[in-house]
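Undergrad: What shape does this take:
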Amino acid sequence: MRFTGAVRFGVLAATAVLTWYITSQLLNLQLDENFRNLVGFQDQEAITSSSVPKHFKCGLISTCPLNHFVFRVVSGAASVVGPSICFEDTILMNSVKNNVGRGLNIALLNGVTGTLLDTQTFDMWGGGQTCGVLGILLSHIHVGTSLFHKDVLHLLRFLRLIQDGTVIIVATFDDGATKMSDEIRALFVSLGSSSIGQLAFRDNWVFVGAKGIQGKSPFEQLAKHNKNTNKYDGWPEVVEMSGCLPARKD
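TA: Got it, this is the predicted structure:
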């Protein structure tokens, strides 16, 4: 009887110890989980799958289809913040790169490969418009003043030399229209613009077109300068546009 009682006591003791151990472990796990939730800890798998934001080219909210180029273009803000042009996740022009300025900011790219061909800025406010034989001769002279540097004649020559299949991206800053001629507007129409005829003093305009395009480009935004609706003192709101540009077939 004594032996049987001792066995029963041992079993009860062992059961009690085992129950205490299991309960304490479960309690510790729950407390640890509560603490991790309280301070914001998450499993590494959860962080990887849901918490870390995905990066898409040029800040788009999704990827573009195959054989499409990603772009994002933003006009300048008043006369303070310069425009920005992003193409395939590469910033081509902005204030940080120090290659933007008042007027029209233009990037040219190969429509097949997406390779950058050129970036230029043309002052449409103080660039100085010349005409006649003297103007043509002076347009070939590189002088250190703004009078004949990147003015209307330079822009005309620049637009005329664009090769077939070339992509053009344009963003205005401050004023992109005051010195613009009808011939320049006609050249932009041939590149796919449908709003260039409306572009006026201090309007904000962004445009993506191409030499040899059939019809009008779907990539164009215009904000009109209007003292009653301007977002800034003397300037309209910034215009921004992003999207997927089909690559040209070789």
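Undergrad: Spit out the contact partners of E88.
TA: Shown here is E88, whose contacts under the criterion Cβ atoms under 8 Å, 6 or more residues apart in numbering are 57-58, 69-71, 114. (C-beta placed from N, C-alpha, C; glycine too.)
Undergrad: got a winner among the residues you listed for most neighbours?
TA: Each of those was scored by neighbours using other Cβ atoms under 10 Å; the highest score is F71's, at 27 neighbours.
Undergrad: on that earlier part again, among the contacts of E88, which two are most distant?
TA: C58 and G114 (12.4 Å; Cβ to Cβ).
Undergrad: who touches both of these two?
TA: Both C58 and G114 are contacted by 87-88, under the criterion Cβ under 8 Å, 6+ apart.
Undergrad: give the contact list for L199.
TA: 172, 176-177, 180, 185, 205, 222.
Undergrad: Now it, what are its backbone angles?
TA: Main-chain torsions, L199, degrees, to the nearest 10: phi -60, psi 120.
Undergrad: ok, now how distant is it from A177?
TA: 5 Å (Cβ to Cβ, to the nearest Å).
Undergrad: okay, now the domains of this structure?
TA: Annotated domains of the chain cover 2-51, 57-246 [automatic domain parsing].
Undergrad: among those domains, which gets the worst mean confidence?
TA: Within the domains of the chain, the stretch with the lowest mean pLDDT is domain 2-51, showing a mean of 51.
Undergrad: Remind me which helix or strand L153 belongs to.
TA: Counting by DSSP states H and E, the element that carries L153 is helix 152-160.
Undergrad: tell me what that helix is packed against?
TA: Helix 152-160 is packed against strand 116-122, helix 132-138, helix 182-190, with contacts defined by 3 or more Cβ pairs under 8 Å, 6 or more residues apart in numbering; DSSP states H and E.
Undergrad: let's go with 7 Å and repeat that
TA: With contacts taken as 3 or more Cβ pairs under 7 Å, 6 or more residues apart in numbering; DSSP states H and E, helix 152-160 sits against strand 116-122, helix 182-190.
Undergrad: Next one: the closest residue to D250 other than its chain neighbours relative to Q163, how far apart?
TA: When the adjacent residues along the chain are set aside, D250 lies closest to V112, with 4.9 Å between them (Cβ to Cβ, 6 or more residues apart in numbering). Distance check for V112 against Q163: by Cβ to Cβ, it reads 11 Å.
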